[in-house]
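Enquirer: When you get a sec, could you give me coordinates for this:
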Amino acid sequence: MSRRFPDLILAGATTLAVVMAVVGCTANTDSSTLDNDTTADGSAAGTVSIVDHTGNEVSIPSDIQRVAFDEIPLASTYVAYQEGSAPHLVGMSDAVVRSLENTVVAQMAPEILDVDTSYYDNGELNVETLLTLEPDVVFYNANNTEHAQMFAAAGIPAVGFSTSGNPTVVYKDWLELLEKVFQEPGKMDSVIARGEQTVADTLSRTSNIAGGAKKDALIVYNYAAGTLRVAGETPFFGYYWLETAGADNAAVGAQGGLAAVTAEQILAWDPDVVLIGGSGPAGITPDQVLSNSVDGLNLSSLRAVQEKKVYSTDLGMWSWFTPNPDAPLVTSWLGKVIYPDEFSDVDLVAETQDYYRQVYGYELSGDQANAIYQGLFSNE
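Expert: Residues are numbered from 1 along each chain as shown. Coordinates of the predicted model:
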């Protein structure tokens, strides 16, 4: 009972693939039913019935003590939900654990790096090995029907989390589903409200930018083996980030959420701003692009390069161009680098420290916050 999982979306090469793998269905509901006795629908005593993001009703233990993750970038949101720690978590894939090593999550909840990874071998899920961990529940990508069938056949309660849509909404859906799983309705209300406040502020600054003043921005997710992958016109993470930031996607005509393009095509688009995927997955850095030191890639004639408007971030709670609980901060950062005049009064370092304090209960140092933004705003 094993299946090869593509090594794609975490940090480094694995982060891009989790980006390509995180597509799923979305279905939300607030319904959950506690079954203290065997019910007419067959639910066992001591279970709770909830509806997950597949739209299906699933029965899970009412007292969850052991949680395992399938290949889904949920770890940072789980730590956010658990207020800065990772209780009950017993297993993840090794690729995910390695991707967390340089995140703030690893500093906030270092125990997350010590969970069991034995049920993944070179990207393959082994359900028999997972069973030895005796998980009460496993969290998986709602779009991965094959894994869902494997968990069902093994008798492992499994909850599907959707990975498609606007990242500023997806992480909230994840938090709300965790509320249902752990039977803690409303626990994340203040966290969600804090994030919505930040996103609303970004939208208030960008929504009224006139068409002629809008910037063309290009998101480069990855460069490897001579191929660039950019955010295309197909609704995917990059599509929603640029929409929230009030920027036009420079990749006109590029199809797919992760469209493969040539350097010549990027030169033809000539974007105002280039945004490079976070530390690790991109395979290139702004400094390399600006200094024209990327082997086989010359973007030196690009307007954004000549004007030094090429940006990226280091890792916060997770890679920022994917769903993660730092998503509201991503909107502020995008607004700041694309429309600096409209965001001139926004102190990103101070805002990030305040957000981490309110949302995660974690005192992020100035050095840590500056590191996320690669020192770009250290003098503000």
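
Enquirer: okay, CA-based contacts and neighbour counts for the rest of this
Expert: OK.

Enquirer: What is the burial count for Asn141?
Expert: Counted with other C-alpha atoms under 10 Å, residues neighbouring Asn141 total 27.

Enquirer: Flag the shaky bits of the stretch 251-380 of the chain, pLDDT-wise.
Expert: 278-281, 375, 377-380 (pLDDT under 70).

Enquirer: those helices in it, which residues are they?
Expert: Using DSSP state H, counting those that start in this stretch, the helices of the stretch 251-380 of the chain run over 263-269, 286-290, 303-306, 327-338, 348-355, 366-372.

Enquirer: Including mean neighbour count, could the ones you listed go into JSON lines?
Expert: Shown next, in JSON lines, are the helices of the stretch 251-380 of the chain (neighbours: other C-alpha atoms under 10 Å):
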{"stretch": "helix 263-269", "mean neighbour count": "15"}
{"stretch": "helix 286-290", "mean neighbour count": "17"}
{"stretch": "helix 303-306", "mean neighbour count": "18"}
{"stretch": "helix 327-338", "mean neighbour count": "23"}
{"stretch": "helix 348-355", "mean neighbour count": "20"}
{"stretch": "helix 366-372", "mean neighbour count": "18"}
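
Enquirer: which SSE is Arg229 in?
Expert: Using DSSP states H and E, Arg229 maps to strand 227-230.

Enquirer: following that strand, which helix or strand comes up?
Expert: Next along the chain after strand 227-230, taking DSSP H and E as the criterion, comes helix 237-245.

Enquirer: Can you check which of the helices of the stretch 251-380 of the chain gets nearest to Val127?
Expert: helix 327-338 (32.3 Å; C-alpha to C-alpha).

Enquirer: picking that back up, out of the helices of the stretch 251-380 of the chain, which is closest to Ser190?
Expert: Taking C-alpha to C-alpha, helix 348-355 is the member of these nearest to Ser190, at 11.7 Å.

Enquirer: Give me the distance between the two termini of stretch 105-116.
Expert: End-to-end span of stretch 105-116 (C-alpha to C-alpha, to the nearest Å): 17 Å.

Enquirer: what residues does it touch?
Expert: For stretch 105-116, contacts defined as C-alpha atoms under 8 Å, 6 or more residues apart in numbering pick out 76, 79, 84-86, 89-93, 97-98, 100-101, 316-318, 362.

Enquirer: Distance from the chain centre to it, please.
Expert: From the chain centre to the centre of stretch 105-116 is a distance of 17 Å (C-alpha atoms, centre = their mean, to the nearest Å).

Enquirer: Kindly report the same for stretch 359-377.
Expert: 18 Å.

Enquirer: ok, and what's touching that stretch?
Expert: 80, 83-84, 108, 191, 194, 312-316, 348-349, 352-353, 356-357, 378.

Enquirer: Spell out for me the PyMOL command that would select the buried members of those residues.
Expert: In PyMOL, this line selects whichever of those come out buried by 16 or more other C-alpha atoms under 10 Å:
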select buried, resi 80+83+84+108+191+312+313+314+315+316+348+349+352+353+356
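
Enquirer: Show me the helices in the stretch 51-200 of the chain, by range?
Expert: Using DSSP H, counting those that start in this stretch, helices in the stretch 51-200 of the chain cover 75-81, 94-100, 104-108, 127-131, 145-154, 167-181, 189-206.

Enquirer: Tabulate those helices (TSV), appending mean pLDDT.
Expert: What follows is the helices of the stretch 51-200 of the chain, written out as TSV (pLDDT from 0 to 100):
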stretch	mean pLDDT
helix 75-81	95
helix 94-100	87
helix 104-108	92
helix 127-131	96
helix 145-154	96
helix 167-181	97
helix 189-206	96
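
Enquirer: of all the helices of the stretch 251-380 of the chain, which lies closest to Glu233?
Expert: Of the helices of the stretch 251-380 of the chain, nearest to Glu233 by C-alpha to C-alpha is helix 263-269, at 13.5 Å.

Enquirer: Just the C-alphas of the closest one, formatted as PDB.
Expert: C-alpha atoms of helix 263-269 as PDB (Å, rounded to 0.1, in the frame of the first residue of the first chain):
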ATOM      1  CA  ALA A 263      13.800  34.200 -20.400                       C
ATOM      2  CA  GLU A 264      13.000  35.700 -23.800                       C
ATOM      3  CA  GLN A 265       9.300  35.700 -22.900                       C
ATOM      4  CA  ILE A 266      10.000  37.500 -19.600                       C
ATOM      5  CA  LEU A 267      12.100  40.100 -21.400                       C
ATOM      6  CA  ALA A 268       9.100  40.600 -23.800                       C
ATOM      7  CA  TRP A 269       6.800  41.100 -20.900                       C
END
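
Enquirer: any idea how far it is from the chain center?
Expert: Computed by C-alpha atoms, centre = their mean, the chain-centroid distance of helix 263-269 equals 28 Å.

Enquirer: Could you name the helices and strands sitting against it?
Expert: Under the contact criterion of 3 or more C-alpha pairs under 8 Å, 6 or more residues apart in numbering; DSSP states H and E, the helices and strands touching helix 263-269 comprise an empty set.

Enquirer: Going forward, count from 236.
Expert: Yes, from this point I'll number from 236; that puts the last item at helix 498-504.

Enquirer: returning to that earlier point: out of the helices of the stretch 486-615 of the chain, the one nearest Ala435 is which?
Expert: helix 562-573 (9.1 Å).

Enquirer: Distance of Gly421 relative to Ile299?
Expert: Relative to Ile299, and taking C-alpha to C-alpha, Gly421 is found at 18 Å.

Enquirer: go on, Ser579?
Expert: Distance from Ser579 to Ile299, by C-alpha to C-alpha: 46 Å.

Enquirer: Please compare those two by neighbour count and tell me which comes out ahead.
Expert: Neighbours were counted for Ser579 and for Ile299 using other C-alpha under 10 Å; Ile299 has more, 14 against 10.
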